[in-house]
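Participant: Following is a predicted model, sequence given first.
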Amino acid sequence: MPPKRDERVWSKLVRVMFYTPGFMALLLLKSGEPASFGISVELLMLSSAAAVVGGLYVGTQSSGASADNSSKIGAWSGGLVIELLSVVPLLSAMPALFHELAHSTLLHTKAPGAVDVTLGMSELLPAMAILPFLVYQLAGFGTLHYVVPKIVNWVINVGIFCLMMASYVAFRAGHFEVERRISAALVVAMAITVLYGVLKLRKMQATYDANCPPKDEK
């Protein structure tokens, strides 16, 4: 089984993951262009809503005598939901979000004679948060590390990175339908992975209890 996690830390993270993407989605609704901001808003709202679902899992965590297989994996399951269905959509939306905010005509009114500065590749700076996330996943910190074999973990996370980059390239090229399909594929893949992970954790807990029955409290 994975090591014990402090559910209080995950509960605090739920608050951050709920308010931050939700606030940015509302900001983007005010400042984005109608043809391109919709996917980013969808990803941000998914990130915010998934954090609440992750909190529901964490809230069921229990290790007492009355705990069952489901409640014993509450923190791990909640962590898996937050990692894959909250953090991944948030990181995927970051590059497009920054582009929209930087070029918003509602937030930035040009002064007479002002020079339009092209940001170029610097727009990818917010996407650099993907790198420590990949280290988190591949170095054994993530919950997925305990659920799937190492090679599968690498395949999933490399796939996450590739789909994020492909989505941003499609966004910058103006292929919004392609961007939508790539983002949908990423979200569906994360949802399937979370479903498999939660069921696998429950099975692992049942096997663990069968081989090492919990002792009765004195």
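Facilitator: Received the coordinates, thanks.
Participant: Please count neighbours and contacts with C-alpha atoms only from this point.
Facilitator: Noted.
Participant: Next, the buried residues of the strand or helix carrying E177.
Facilitator: Per DSSP states H and E: E177 is located in helix 176-211. Burial within helix 176-211, assessed by neighbour count using 16 or more other Cα atoms under 10 Å, is assigned to 176, 178-180, 182-183, 186-187, 189-190, 193-194, 197-198, 200-202, 204-206.
Participant: just checking, what packs against that helix?
Facilitator: Here helix 176-211 touches helix 38-59, helix 69-72, helix 74-81, helix 150-172, going by 3 or more Cα pairs under 8 Å, 6 or more residues apart in numbering; DSSP states H and E.
Participant: Next, find the distance separating A75 from P95.
Facilitator: 30 Å (Cα to Cα, to the nearest Å).
Participant: what about the two, which has more around it?
Facilitator: Each of A75 and P95 had its neighbours counted (other Cα atoms under 10 Å), and the higher figure belongs to A75 (28 against 25).
Participant: Am I right that the more buried one is in contact with Q61?
Facilitator: Yes. Using Cα atoms under 8 Å, A75 is in contact with Q61, at 5.7 Å.
Participant: Could you name every residue contacting both of these two?
Facilitator: Here A75 and Q61 have E7 as joint contacts, going by Cα atoms under 8 Å, 6 or more residues apart in numbering.
Participant: between the helices and strands packed on helix 176-211, which gets the lowest average pLDDT?
Facilitator: Ranked by mean pLDDT, the helices and strands packed on helix 176-211 end with helix 69-72 at the bottom, a mean of 84.
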